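In: Fold the following for me, if possible:
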Amino acid sequence: MRTHYCGAVTAADIGNTVTLCGWAHRRRDHGGVIFIDLRDREGTMQVVIDPDTPDAFRLAEDVRSEFVLKIEGLVRPRPAGTENPNMPTGMVELLTKKLDVLNPSLTPPFQLDDEAVNENIRLQYRYLDLRREPMQKNLKLRYRVSKLMRDYLDTHGFMEVETPMLTRSTPEGARDYLVPSRVHDGMFYALPQSPQLFKQLLMVSGVDRYFQITKCFRDEDLRADRQPEFTQVDLETSFMGEEEIMNLVEGMIRDMMKKAQDIDLPAAFPRMTYAEAMHRYGSDKPDMRVTLEIVDVGDVMKDVAFKVFSGPANDPKGRVAALRIPGGAALTRSEIDGYTEFVKIYGAKGLAYIKVNDVSQLNESGLQSPIVKNLSEAALRAVMERTGAANGDLIFFGADRAKVVNDALGALRLKVGHEKGHVDGRAWAPLWVVDFPMFEYNEDENRWDALHHPFTAPKDGHEDWLATDPGRCLSKAYDMVLNGWEVGGGSVRIHKQDVQEKVFAALNIGEAERREKFGFLLDALQYGAPPHGGLAFGLDRLVTLMTGAESIRDVIAFPKTQRASCLMTNAPNVVDEKQLRELHIRLRNTAADRAA
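Out: Numbers count the residues shown, from 1 in each chain. Below is the predicted model of the structure:
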């Protein structure tokens with residue numbers, strides 16, 4: 001129906017007759033001449049309809065926003081002084097010969113170039129929202145990123161293999177989405193949280209190098225970088241170790257970002273251990289552009305009179321740490337109060353601080369804070385030296401269980417760093433975080449949990465601690481971090497049954513449970529399973545970072561809200577009684593029942 005996309009008409013087409021199809025973005029009537037900005041996915045073209053073409057002019061008088069039009073006309077230069085160098089088509093216009101209205105439109109519920117539209121309205125009318133130029137660009141970039149990664153993996157010998165969407169429920173961290181079976185009374189499938197078990201089985205099968213771009217499902221509380229269904233670029237390879245896998249996928253990200261957006265990433269991404277990341281930044285995904293660092297001061301607080309500090313300092317599970325803010329003495333009391341409320345989100349009870357007016361005076365005249373009188377001169381001197389404090393600085397403190405301090409000061413570091421300009425100016429700061437613990441202790445259930453998943457291999461030599469001291473075990477796991485976002489994570493997997501059995505034992509997964517949930521994997525490991533490992537990238541997160549969007553919802557065509565609902569289709573929805581009977585399901589104690 002058309003010869004060109006609207007955004008593809010250039011000065012090279014001047015003098016040619018072309019046919020365009022698209023939506024009426026704007027219509028303007030200038031003294032008897034009608035102008036229409038015609039839009040399609042490639043851009044916008046200015047169309048001129050004058051009274052010399054009476055049929056087209058009569059139709060154009062009734063055209064409104066979002067009418068679907070087909071226009072044939074002559075490409076000509078715009079009159080001098082009316083050019084728009086900010087548009088790819090800004091030097092030309094189309095003089096209409098013929099206009100067809102392919103479909104009229106109701107008045108849209110919002111203007112497509114209005115950036116202040118409520119997100120719920122955008123999600124309700126997502127098919128209109130996706131017509132907006134920013135959303136079109138986001139979808140194009142997402143496609144480009146997917147294609148470049150697929151091409152890279154193909155070049156490196158990977159084969160795309162699909163794995164099932166209907167599988168069995170296994171414990172992988174989050175809640176499963178369950179699908180009732182009509183055929184098997186009272187039984188359920190689960191939607192996969194990841195293809196983890198299947199890709200390991202593909203390695204046992206001899207596929208050697210596998211990947212797929214696949215949907216994953218997790219029934220968890222949502223936030224800006226989470227969705228109940230999300231997309232992974234998932235890969236697995238045999239006969240490669242940690243370094244080889246990291247080098248391969250690092251090359252993929254470097255190649256993709258260069259070709260997609262001409263972004264130059266470092267020739268080699270820096271590496272940092274999990275322990276160092278938590279110690280210095282309070283996070284296993286630190287934003288390395290922020291120049292602020294956390295330092296331990298617990299050892300000098302053990303004997304101070306201030307119990308808020310000395311308590312955690314003498315607790316093996318506690319931590320007392322400091323965060324210096326250069327120039328922070330200029331912070332107002334209301335700003336400090338705001339940061340105090342902020343850290344409470346992460347479990348902190350408060351936020352002690354010292355304003356450094358004169359670092360040479362280790363008393364209340366040089367150090368402005370309610371806590372100074374409760375700290376010894378030796379403790380204050382150690383804090384000033386260890387943090388590198390100078391006149392005009394401010395020092396925030398965290399004192400609590402180590403996790404609370406890490407979470408609170410880690411988040412505060414990011415917030416203050418970005419708000420107050422404590423960043424190094426880099427646009428992109430990639431990082432590998434390595435040497436993760438195998439396990440984390442679950443105090444509520446008095447047991448060890450897998451930090452990643454139970455199929456992650458321990459570091460060589462650490463297998464001996466699985467039975468005696470699981471907390472000492474490090475894993476062959478690695479996360480790729482970009483600007484403070486974990487964009488990809490993976491590990492070398494356990495390929496020997498005896499090691500897998502030891503890990504299950506450390507996790508207190510008994511013989512009956514492991515056979516019930518993982519028997520098929522344990523059986524497979526006995527049939528010559530090769531050494532293997534892999535990684536999965538969050539495609540949504542990667543594209544969000546590259547577009548600069550505030551939420552991954554802006555790079556997903558049809559996302560859910562933070563309550564996991566689709567405002568456009570009104571999903572989830574109530575199903576009729578007949579469907580429930582076929583699935584052998586009876587609803588009890590529903591919201592409707594309780595209301596009645």
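
In: chain center to the longest strand along the chain, what's the gap?
Out: Taking DSSP state E as the criterion, the chain has its longest strand at strand 17-30. The chain centroid and the centroid of strand 17-30 are separated by 38 Å under CA atoms, centre = their mean, to the nearest Å.

In: What's the end-to-end length of stretch 297-313?
Out: Using CA to CA, to the nearest Å, the end-to-end distance of stretch 297-313 comes to 8 Å.

In: What are the buried residues along it?
Out: When burial is assessed from 16 or more other CB atoms under 10 Å, stretch 297-313 yields the following buried residues: V297, G298, V300, M301, V304, F306, V308, F309, S310, P312, A313. In short, each C-beta sits where N, CA and C put it, glycine included.

In: all strands for the stretch 251-400 of the chain, in order.
Out: Under the criterion DSSP state E, counting those that start in this stretch, the stretch 251-400 of the chain carries strands at the ranges 271-273, 294-296, 318-325, 352-356, 367-368, 394-401.

In: will you turn those strands into a markdown table that also has mean pLDDT and distance to L99?
Out: A markdown table is the format used below for the strands of the stretch 251-400 of the chain (pLDDT from 0 to 100; distance: least, CB to CB, whole Å):
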| stretch | mean pLDDT | distance to L99 |
| --- | --- | --- |
| strand 271-273 | 98 | 62 |
| strand 294-296 | 98 | 65 |
| strand 318-325 | 98 | 62 |
| strand 352-356 | 97 | 68 |
| strand 367-368 | 94 | 73 |
| strand 394-401 | 97 | 65 |
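
In: right, and the ones you listed - which one's nearest H279?
Out: Smallest distance to H279 across the strands of the stretch 251-400 of the chain (CB to CB): 7.1 Å, for strand 294-296.

In: If you count neighbours, what's buried in that closest one?
Out: Of the residues in strand 294-296, I294, D296 count as buried by neighbour count, 16+ other CB under 10 Å.

In: Then stretch 463-472?
Out: Neighbour count says stretch 463-472 has E463, W465, L466, P470 buried, by 16+ other CB under 10 Å.

In: Name the spans of the chain whose pLDDT lies under the cut-off.
Out: For the chain, the stretches flagged by pLDDT under 70 are 171-173, 222-225, 590-596.

In: returning to that earlier point: grab the two from the buried residues of stretch 297-313 that are most spread out in space.
Out: Pairwise over these, using CB to CB, the maximum falls at V300 and V308, 14.5 Å.

In: State the next helix or strand along the chain beyond the longest helix belonging to the chain.
Out: Longest helix in the chain by number of residues (criterion: DSSP state H): helix 133-155. Later in the chain than helix 133-155, the nearest helix or strand by DSSP states H and E is strand 159-160.

In: which residues touch that next one?
Out: Strand 159-160 has contacts (CB atoms under 8 Å, 6 or more residues apart in numbering) with R150, L153, D154, V207, D208, R209, Y210, F211, Q212, I213.

In: re earlier: could the strands of the stretch 251-400 of the chain go into TSV alongside distance to I121?
Out: Compiled in TSV, those are given as follows (distance: least, CB to CB, whole Å):
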stretch	distance to I121
strand 271-273	43
strand 294-296	42
strand 318-325	40
strand 352-356	42
strand 367-368	48
strand 394-401	40
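
In: if we compare the ones you listed, which one ends up closest to F436?
Out: Nearest to F436, of all the strands of the stretch 251-400 of the chain, is strand 271-273, at 8.6 Å by CB to CB.

In: Give the pairing partners of that closest one; include direction for each.
Out: Strand 271-273 has these partner strands in its sheet, going by DSSP bridges: strand 430-434 (parallel).

In: What strands flank the helix or strand in which T96 is found, and is each parallel or antiparallel?
Out: Per DSSP H and E, T96 falls inside strand 92-103. With DSSP bridges as the criterion, the sheet partners recorded for strand 92-103 are strand 43-49 (parallel), strand 68-77 (antiparallel).

In: Check which element follows the shortest one along the chain.
Out: Just to be clear, that refers to strand 43-49. Downstream of strand 43-49, the first helix or strand assigned by DSSP H and E is helix 54-61.

In: What's the end-to-end length of stretch 369-386?
Out: Terminal residues of stretch 369-386 lie 18 Å apart, using CA to CA.

In: Please name the residues that touch E377.
Out: L362, N363.

In: Quick check: beta-bridge partners of the residue nearest to R271 when sequence neighbours are not counted?
Out: Distances taken as CB to CB, 6 or more residues apart in numbering place W432 nearest to R271, at 4.6 Å, with adjacent residues excluded. W432 has the following beta-bridge partners by DSSP bridges: R271, M480.

In: Okay, the closest residue to I371 other than its chain neighbours and V359: tell me how far apart.
Out: In space, and not counting its chain neighbours, I371 is closest to A352: 5.3 Å by CB to CB, 6+ apart. From A352 across to V359, the span is 18 Å (CB to CB, to the nearest Å).

In: More neighbours: the two, which one.
Out: Between A352 and V359, counted using other CB atoms under 10 Å, the more crowded position is A352 (21 against 18).

In: wait, doesn't the more buried one sit right on A399?
Out: Yes. A352 lies in contact with A399 (CB atoms under 8 Å); the separation is 7.2 Å.

In: anything in contact with each of those two?
Out: Counting by CB under 8 Å, 6+ apart, the residues touching both A352 and A399 are V308, F309.

In: Next up, the contacts around R218.
Out: Taking CB under 8 Å, 6+ apart as the criterion, R218 is in contact with G173, A174, R175, Y177, Q193, R226, P228, F230.

In: Between those, which sits nearest R41?
Out: R41 lies nearest to F230 out of the contacts of R218, by CB to CB, at 24.5 Å.

In: Could you export the contacts of R218 as a markdown table, including distance to L482?
Out: Putting the contacts of R218 into a markdown table (distance: CB to CB, whole Å) gives the following:
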| residue | distance to L482 |
| --- | --- |
| G173 | 22 |
| A174 | 23 |
| R175 | 28 |
| Y177 | 28 |
| Q193 | 23 |
| R226 | 17 |
| P228 | 23 |
| F230 | 17 |
